[in-house]
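Visitor: Just need the structure, nothing else, for what follows:
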Amino acid sequence: MGSLKNLGQGFLVATALIWIFNIASLFINGDAWIALLYLLILLIPLTSLTYLKLKNPKTQASYEDPSLHLCLSVYPSKWRKLLFSFQGVALAFWMFDLATTFYAINVTGLAVELNPLGWPLGILGALSYYAPTLVFSYILLFKIKDKISLYAAIPLTLMTLAMSAMNLMAGAQNFQVFVDTATLTTGVRSGLMAVIGTVSLTMPFALKRKVNQPKAVLP
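Guide: Numbering: from 1, shown residues only. Have a look, this model is predicted:
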């Protein structure tokens, strides 16, 4: 479960960064209303996480020497978790590429798949790399406890990030098609803004009610 949490954290952080990039691109070169819509969607998890952080602050202070974190031999478990979280970052970049490729090819018809396998079979090319790399990284970081496995996972992680960087660049190019073509009509604009704005404002109150709900005591 801990490894899945690390993977999810890396995925969510990368997704948030991609989302911010999308908002900036839409504000600068696209439909500002869609950018505002994206911003409101981003506020839903942000307001929820902010409330949960304020509701449950960490009270225990850390007295560890920060300089020690630079040494892999001192806190290997933390480095293992950090390295595995980068696998989640790579998956987020890949998913961004897939989503924008689908829009550029299937929705607009303005792009073609350069992979010789074509679309959507081109997905198998990246999947054949990310799937075994994810499994092998998990084995190195969490199943083999030797230090050598930790050191071996570093170049593997760097290679995965390099591969995913290409997915990120391809996704950014595909997203430019969305920036150039996507618009919202006045009626749809108003309705979506109202719905997403309402959800963004009410989510913290729903969480507050859920957190403050008394737990049943078993006899």
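Visitor: average model confidence for stretch 83-100?
Guide: For stretch 83-100, mean pLDDT rounds to 93.
Visitor: Could I get the buried residue list for that stretch?
Guide: Neighbour-count burial for stretch 83-100 flags 83-98, 100 (criterion: 16 or more other Cβ atoms under 10 Å). All C-beta spots, glycine's among them, are computed from the backbone N, C-alpha and C.
Visitor: do the same with stretch 125-134
Guide: Along stretch 125-134, these residues count as buried under the neighbour rule (16+ other Cβ under 10 Å): A126, Y130, T133, L134.
Visitor: Just give me how far the longest helix anywhere in the chain sits from the chain centre.
Guide: In the chain, assigned by DSSP state H, the helix with the most residues is helix 147-181. On the basis of Cα atoms, centre = their mean, to the nearest Å, helix 147-181 is displaced by 12 Å from the centre of the chain it belongs to.
Visitor: what helices or strands is that helix leaning on?
Guide: Contacts defined by 3 or more Cβ pairs under 8 Å, 6 or more residues apart in numbering; DSSP states H and E place helix 147-181 against helix 2-29, helix 76-102, helix 123-138.
Visitor: need the next SSE after the longest one, C-terminal direction.
Guide: Later in the chain than helix 2-29, the nearest helix or strand by DSSP states H and E is helix 32-55.
Visitor: Need the nearest residue in space to V199, chain neighbours excluded.
Guide: Residue nearest to V199 in three dimensions, not counting chain neighbours: I44, with 5.9 Å by Cβ to Cβ, 6 or more residues apart in numbering.
Visitor: shaky segments in the chain?
Guide: 1-2, 51-52, 54-75, 115, 204-205, 207-219 (pLDDT under 70).
Visitor: again, only using 90
Guide: 1-5, 8, 29-80, 103-128, 141-151, 177-178, 180-219 (pLDDT under 90).
Visitor: Nearest to T15 among the buried residues of stretch 125-134?
Guide: Y130 (15.9 Å; Cβ to Cβ).
Visitor: ok, so what distance separates the closest one from I123?
Guide: Between Y130 and I123 the distance is 10 Å, computed by Cβ to Cβ, to the nearest Å.
Visitor: circling back to that earlier point, could you figure out how far the helix or strand following the longest helix of the chain is turned away from helix 32-55?
Guide: Counting by DSSP H and E, the next helix or strand C-terminal to helix 147-181 is helix 186-212. Interaxial angle, helix 186-212 versus helix 32-55 (axes from the mean of the first three to the mean of the last three Cα atoms, to 10 degrees): 10 degrees.
Visitor: packing partners for helix 186-212?
Guide: If you count contacts as 3+ Cβ pairs under 8 Å, 6+ apart, helix 186-212 packs onto helix 32-55.
Visitor: So which bits of the helix it packs on are buried?
Guide: 33-44, 47, 51.
Visitor: outside of it, which residues touch it?
Guide: Outside helix 32-55, the residues that touch it by Cβ atoms under 8 Å, 6 or more residues apart in numbering are 16, 19-20, 22-24, 26-27, 182-184, 189, 192-193, 196-197, 199-200, 203-204, 207-208, 211.
Visitor: Just the buried subset of those residues, written out for PyMOL, thanks.
Guide: Of the contacts of helix 32-55, the buried ones go into a single PyMOL selection, burial set by 16+ other Cβ under 10 Å:
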select buried, resi 19+22+23+26+27+184+189+192+196+200+203+204+207
